[in-house]
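S.K.: quick one, what's the 3D model for this:
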Amino acid sequence: MHFSVLASGSTGNAFYIGTEKEKILVDAGLSGKELTRLFHQIQVDPAELSRILVTHEHSDHIKGLGIFARKHRLPIYANEKTWKAMDQAIGKIDLDQKFIFKMEETKSFGDIDVESFAVSHDAAEPMFYTFHHNGKKVALVTDLGYVSERIKKTVEGADALIFEANHDVEMLRMGRYPWSVKRRILGDTGHVSNEDCALALRDIIDDQTKRIYLAHLSKDNNMKDLARMSVEHGLSEYGFSVGERITLHDTDPKEPTALYEVV
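M.R.: Take a look at the predicted model:
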């Protein structure tokens, strides 16, 4: 099983995970042209994709969904409330491309088992995914106001985690956003801060965990170096040796991470 965080941030999100038999895109929050460019950078042909999974209907996750799915005749999977919320935004999708993926459900796609789980975010019915193949596990967890015990239990034991570190609290408080937006981001249906990311990871990391990708960084209220430093400090205080057994990795809103094989 191999994966790449194609893009992650306030302006657009897309995640690729695949095997020799199955190739899945999660979210399509960039233009079709940009998605094609990102796939070419990791040397994956988008024509070989098997399907698209959707987490929720916010534009930074579905901007290019309709055009990309129509171009490549890809089936789209989302829960019913998300389908209703994004129906007009993505344009006409043929019935034979529309599929329901219920929350808290596990589906088998080729040789990958995908488990969906609920998150607390201000969308219709947001959910994210864990991916299982040959005893290996990858967890994708962003766009959540807080990390519940249920989420921790769902994603623990992952070999690799793509986890939200959206903002630095002080940068957000001192920044230019109106208070209503700040309150949304800081609330229970907003986004996870660097500090809360580290606190959650302390309870999630186990002997299996090797890689953590810090994702969905705010372009206005965070920086890669700051996010990495904050999370590393929080984990080190709890006894995790970052840089040895566990490595932290950046993600970017415009450039994909290198294709990584989970072994």
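
S.K.: and the helices in this protein?
M.R.: For the chain, helices defined by DSSP state H occupy the ranges 32-41, 59-62, 65-72, 80-90, 149-155, 169-174, 179-186, 194-204, 224-237.

S.K.: turn the ones you listed into JSON lines, columns for distance to Thr130, mean pLDDT and mean neighbour count.
M.R.: All C-beta atoms are positioned from the backbone trio N, CA, C, and that covers glycine. Below are these laid out as JSON lines (distance: least, C-beta to C-beta, whole Å; pLDDT from 0 to 100; neighbours: other C-beta atoms under 10 Å):
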{"stretch": "helix 32-41", "distance to Thr130": "23", "mean pLDDT": "98", "mean neighbour count": "18"}
{"stretch": "helix 59-62", "distance to Thr130": "18", "mean pLDDT": "98", "mean neighbour count": "21"}
{"stretch": "helix 65-72", "distance to Thr130": "21", "mean pLDDT": "98", "mean neighbour count": "20"}
{"stretch": "helix 80-90", "distance to Thr130": "18", "mean pLDDT": "97", "mean neighbour count": "17"}
{"stretch": "helix 149-155", "distance to Thr130": "6", "mean pLDDT": "97", "mean neighbour count": "16"}
{"stretch": "helix 169-174", "distance to Thr130": "28", "mean pLDDT": "93", "mean neighbour count": "14"}
{"stretch": "helix 179-186", "distance to Thr130": "25", "mean pLDDT": "92", "mean neighbour count": "13"}
{"stretch": "helix 194-204", "distance to Thr130": "12", "mean pLDDT": "96", "mean neighbour count": "20"}
{"stretch": "helix 224-237", "distance to Thr130": "20", "mean pLDDT": "95", "mean neighbour count": "17"}
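
S.K.: dump these to TSV, plus distance to Glu20.
M.R.: Shown next, in TSV, are these (distance: least, C-beta to C-beta, whole Å):
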stretch	distance to Glu20
helix 32-41	17
helix 59-62	27
helix 65-72	19
helix 80-90	30
helix 149-155	25
helix 169-174	43
helix 179-186	40
helix 194-204	29
helix 224-237	32
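
S.K.: and the ones you listed: which comes nearest Ser116?
M.R.: Closest of the helices of the chain to Ser116 is helix 149-155, at 9.5 Å (criterion: C-beta to C-beta).

S.K.: the closest one - contacts with which helices or strands?
M.R.: Packing partners of helix 149-155 (3 or more C-beta pairs under 8 Å, 6 or more residues apart in numbering; DSSP states H and E): strand 112-118, strand 136-141, helix 194-204.

S.K.: out of these, the one nearest Arg37 is which?
M.R.: Once the helices and strands packed on helix 149-155 are compared by C-beta to C-beta, strand 136-141 is nearest, at 21.5 Å.

S.K.: partner strands of the closest one, with direction?
M.R.: Strand 136-141 has the following sheet partners, assigned by DSSP bridges: strand 127-133 (antiparallel), strand 160-164 (parallel).

S.K.: highest average neighbour count across those?
M.R.: Each of the strands paired with strand 136-141 was scored by mean neighbour count; the highest is strand 160-164, a mean of 26, by mean count of other C-beta atoms under 10 Å.

S.K.: neighbouring contacts of that one?
M.R.: 3, 5, 8, 15, 138-144, 155, 191-192, 197, 200-201, 204, 209-216, 251, 260, 262 (C-beta atoms under 8 Å, 6 or more residues apart in numbering).

S.K.: output that strand as CSV, nothing but the C-alphas.
M.R.: The C-alpha trace of strand 160-164 is given here as CSV (Å, rounded to 0.1, in the frame of the first residue of the first chain):
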residue,chain,number,x,y,z
ALA,A,160,1.0,6.2,9.1
LEU,A,161,-1.2,9.1,10.2
ILE,A,162,-2.3,12.1,8.2
PHE,A,163,-3.4,14.4,11.1
GLU,A,164,-4.7,17.9,11.3
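
S.K.: number the chain from 30, please
M.R.: In the new numbering, first residue 30, that becomes strand 189-193.

S.K.: now do it: distance to the chain's middle.
M.R.: 7 Å (C-alpha atoms, centre = their mean, to the nearest Å).
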